[in-house]
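>>> Output the structure for:
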Amino acid sequence: MLRDSFLDLILGQHDRAEGLHRLAIQLYTRFQTAVEPAGERVALPPFDDLRQAVLNELLDPEQGLLPEYKARLITELGLPPNVLTNRPAPTNQPTSK
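Sure thing, here's the model as predicted:
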């Protein structure tokens, strides 16, 4: 749903993108509320972390969107143009021997 929201931004579908983003927040909040009483289930990471993970996936230099779509998304989100060059290294790197 977050991915679709970002893709709609690229296509200029701002109202739909906002609606999907709000729906994602509502679903996240509902899930978190339902999980808290159970206690045994694993809770989701913070919503902003999930959103950032989806954005990082879309902006990934090797497997992300086409460059022109990345540029459009960066512009729509008001991110600095150098966001692609200042990304942290992936966390699941193999250990060096």
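>>> where exactly do the helices run in this structure?
Under the criterion DSSP state H, helices of the chain are mapped to 2-10, 14-38, 47-59, 67-77.
>>> Might you calculate how far the shortest one sits from the centre of the chain?
Relative to the centre of its chain, helix 2-10 is centred 9 Å away, using CA atoms, centre = their mean, to the nearest Å.
>>> list the helices and strands it packs on?
helix 14-38, helix 47-59, helix 67-77 (3 or more CB pairs under 8 Å, 6 or more residues apart in numbering; DSSP states H and E). Using the backbone N, CA and C atoms, a C-beta is placed for each residue, glycine as well.
>>> quick one: which of those helices has the weakest pLDDT on average?
Mean pLDDT is lowest for helix 14-38 out of the helices and strands packed on helix 2-10, coming in at a mean of 91.
>>> Okay, angle between that one and helix 67-77 too, please.
80 degrees (axes from the mean of the first three to the mean of the last three CA atoms, to 10 degrees).
>>> Can you give me the distance of the spatially most central residue of the chain to Ala17?
Nearest to the geometric centre of the chain sits Val54, at 2.7 Å (CA atoms, centre = their mean). Going from Val54 to Ala17 by CB to CB, to the nearest Å gives 13 Å.
>>> Repeat that for Phe6.
The spacing between Phe6 and Ala17, counted by CB to CB, is 7 Å.
>>> Those two: which has the busier surroundings?
Phe6 (22 against 19; other CB atoms under 10 Å).
>>> Kindly state the pLDDT recorded for the more buried one?
With respect to pLDDT, Phe6 has a value of 98.
>>> Just confirm it contacts Val54, I think it does.
Yes: under the criterion of CB atoms under 8 Å, Phe6 makes contact with Val54 at 6.7 Å.
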